[in-house]
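> got a sequence here, can you model it:
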Amino acid sequence: MLRNGLEPWHLLIVAIVVIVLFGSKKLPDTARALGRSMRILKSEAKALKDDDTRATETPTAPQAAGPTT
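Next up is the predicted model:
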């Protein structure tokens with residue numbers, strides 16, 4: 001039964017159900033919000049990756065202790 005996975009007609013049925021449930025007026029707003037969220041997630045993941053690479057590339061040298069008087 002699930003040997004072939006999703007076939008094109010499965011996706012068509014899902015699309016029709018989504019349109020019926022949410023209506024055609026709400027779908028563009030939902031898609032826009034989803035796209036915005038994906039962009040934010042992508043940029044945050046990239047920032048975390050960049051922070052990790054910067055932390056491993058520049059090892060911190062211990063600071064020399066000044067003379068104590």
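> center of the protein - which residue?
residue 41 (3.6 Å; Cα atoms, centre = their mean).
> so where's this protein shaky on pLDDT?
Across the chain, the ranges flagged by pLDDT under 70 are 1-4, 58-69.
> tell me where it has helices.
With DSSP state H applied, the chain shows helices at 8-57, listed in chain order.
> and residue 33, how many neighbours does it have?
By other Cβ atoms under 10 Å, 10 other residues sit near residue 33. The C-beta positions use only the backbone N, C-alpha and C, and glycine is treated the same way.
> same check, this time on residue 13
Counted by other Cβ under 10 Å, the residues lying close to residue 13 total 10.
> swap in residue 47?
By other Cβ under 10 Å, 10 other residues sit near residue 47.
> ok, residue 27 next?
Residues contacting residue 27 under the criterion other Cβ under 10 Å number 13.
> is it true that it touches residue 21?
No: the pair residue 27 and residue 21 fails to qualify as a contact (Cβ atoms under 8 Å) at a distance of 9.9 Å.
> overlap in contacts, those two.
Contact criterion Cβ atoms under 8 Å, 6 or more residues apart in numbering; residues shared by residue 27 and residue 21: none found.
> how near is the residue nearest to the centre of the chain to residue 13?
Distance of residue 41 to residue 13, computed by Cβ to Cβ, to the nearest Å: 29 Å.
> quick check: buried residues in stretch 20-38?
For stretch 20-38, burial by neighbour count (16 or more other Cβ atoms under 10 Å) applies to no residue.
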